[in-house]
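Asker: here are the coordinates; sequence isn't available:
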């Protein structure tokens, strides 16, 4: 009797093993989701009566590609994760998990490997080992990948990989545009211009980066005009010994092109030579409106304040106000 039972179990597992190496195919048409195609294969592992299945499916209406495994344990516990190892690959890939409503199906979501790369691994390898883990269990399963190319071809539409490449290309474009736009907003026009031009090389038919290049060129031309106008005024005021007005023009020129010339040397030259200075006195101190009790220094038109840089022990000059404005600077600057 024992021999008969043993023989039955051997036959059962041999049949099961043979069955596990065959992909099964299914096409469904749903009034709400449209047509879907599914390919699935039974694997081995888990407890003695487990029937683990690996499934991949595609829903045409939503262009949704689904990978899942079932009958591998309860998926309603915390800290669910899936690790996958291929026979011809030393890497172990981790997937996030989304559970079905009844917690019987584990849906794979990309984490350490993208879905297109995962598909490539399914095609190139012969065996896939899966470890299912959670706070409730740790189980190992294996699936044959024989015939996986045919299964993938059945599931995916003919233009899937082409559309995927187009999507990846568009995603890269959008990411680079966001970076260039951020540089533009921060006023880093030279870096933004370089990035926009690089984008144009790879995406010559996109109009947006070309329009931004033209916009930067227009802004630069206007700034250059303003720069030279104020620089000319600064030189003229210096010749006329109107040093306060000259300093104003130098600072405005520097605001438009901070890297155009060393504005600090010009300002320091005027101030250190005693052509223009401002002395802080007690009459310049005012209460701080923020309630801290720390005094502020009131500044008028053309105010430059000399302070001591404690790190270098050098006297430096702080420009406190543009022409036509009044304001306050903190006494902390003089600590």
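Answerer: Thanks, I have it. Bear in mind that the values here come from a model prediction, so they are computed numbers and not experimental data.
Asker: CA atoms for contacts and neighbours, from now on please.
Answerer: Fine.
Asker: Could you give the average pLDDT over the lengthiest helix in the chain?
Answerer: For the chain, the longest helix by residue count, based on DSSP state H, is helix 207-239. Averaging pLDDT along helix 207-239 yields 90.
Asker: buried residues in that helix?
Answerer: 209-210, 212-213, 216, 220, 223-224, 226-227, 230-235, 237-238 (16 or more other Cα atoms under 10 Å).
Asker: Run through the neighbouring helices and strands of that helix.
Answerer: helix 189-202, helix 243-256 (3 or more Cα pairs under 8 Å, 6 or more residues apart in numbering; DSSP states H and E).
Asker: Mind giving me the packing neighbours of the last one?
Answerer: Translated: helix 243-256. helix 207-239, helix 263-272.
Asker: Residue 36: which of those is closest?
Answerer: helix 207-239 (37.5 Å; Cα to Cα).
Asker: where does the stretch 201-335 of the chain dip in pLDDT?
Answerer: In the predicted model, the stretch 201-335 of the chain carries pLDDT under 70 at residues 244, 256-265, 267-335.
Asker: repeat that with 50
Answerer: Along the stretch 201-335 of the chain, segments meeting pLDDT under 50 span 277-310, 313, 315-335.
Asker: so the residue nearest to residue 23 when sequence neighbours are not counted, which of the three states?
Answerer: Spatial nearest neighbour of residue 23, excluding adjacent residues (Cα to Cα, 6 or more residues apart in numbering): residue 41 at 4.8 Å. Classification of residue 41 using DSSP: H, G, I helix; E, B strand; the rest coil returns strand.
Asker: so residue 41 touches residue 22, yeah?
Answerer: Yes: between residue 41 and residue 22 there is a contact under Cα atoms under 8 Å: 6.2 Å.
Asker: distance of residue 34 from residue 63?
Answerer: Distance from residue 34 to residue 63, counting by Cα to Cα, to the nearest Å: 11 Å.
Asker: same thing with residue 88?
Answerer: 30 Å.
Asker: Check residue 116 too.
Answerer: Residue 116 is 14 Å from residue 63, by Cα to Cα.
Asker: can I see the domain layout of the chain?
Answerer: 2-157, 277-334 (automatic domain parsing).
Asker: Least reliable of these by average pLDDT, please.
Answerer: Taking the mean pLDDT of these, domain 277-334 comes last: a mean of 44.
Asker: got a pLDDT number for residue 192?
Answerer: pLDDT, residue 192: 95.
Asker: quick one: it and residue 178 touch, right?
Answerer: No: assessed by Cα under 8 Å, residue 192 is found out of contact with residue 178, at 10.4 Å.
Asker: Secondary structure element for residue 65, which one?
Answerer: Element membership for residue 65 (DSSP states H and E) is strand 64-70.
Asker: ok, that strand: who's next to it in the sheet?
Answerer: strand 53-59 (antiparallel), strand 105-109 (antiparallel) (DSSP bridges).
Asker: next structured bit after it?
Answerer: Immediately after strand 64-70, counting by DSSP H and E, sits strand 81-86.
Asker: out of residue 41 and residue 22, which sits in the busier spot?
Answerer: residue 41 (23 against 18; other Cα atoms under 10 Å).
Asker: Give me the distance between that one and residue 181.
Answerer: In terms of Cα to Cα, residue 41 sits 48 Å off from residue 181.
Asker: about what we covered before: only the buried residues of the strand holding residue 65, if you could.
Answerer: So for strand 64-70, counting by 16+ other Cα under 10 Å, buried means 65-70.
Asker: Could you dump those into CSV and include distance to residue 165?
Answerer: Shown next, in CSV, are those (distance: Cα to Cα, whole Å):
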residue, distance to residue 165
65, 15
66, 18
67, 20
68, 24
69, 27
70, 30
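Asker: from those residues, which is closest to residue 245?
Answerer: Closest to residue 245, out of all of the buried residues of strand 64-70 and judged by Cα to Cα, is residue 65, at 68.5 Å.
Asker: which ones are touching the closest one?
Answerer: 56-59 (Cα atoms under 8 Å, 6 or more residues apart in numbering).
Asker: Give me the distance between it and residue 109.
Answerer: 10 Å.
Asker: SS state for residue 173?
Answerer: Quick answer, by three-state DSSP: residue 173 is helix.
Asker: That one: neighbouring residues, count only.
Answerer: Counted with other Cα under 10 Å, residue 173 comes out at 16.
Asker: quick one: pLDDT of it?
Answerer: 95.
Asker: Double-check it against residue 200; I have them as touching.
Answerer: No: the criterion here is Cα under 8 Å, and residue 173 misses it with residue 200 at 9.9 Å.
Asker: Would you list the phi and psi of residue 32?
Answerer: phi -100, psi -40 (degrees, to the nearest 10).
Asker: likewise the one 5 residues further on?
Answerer: As for residue 37, its main-chain torsions (degrees, to the nearest 10) stand at phi -120, psi 140.
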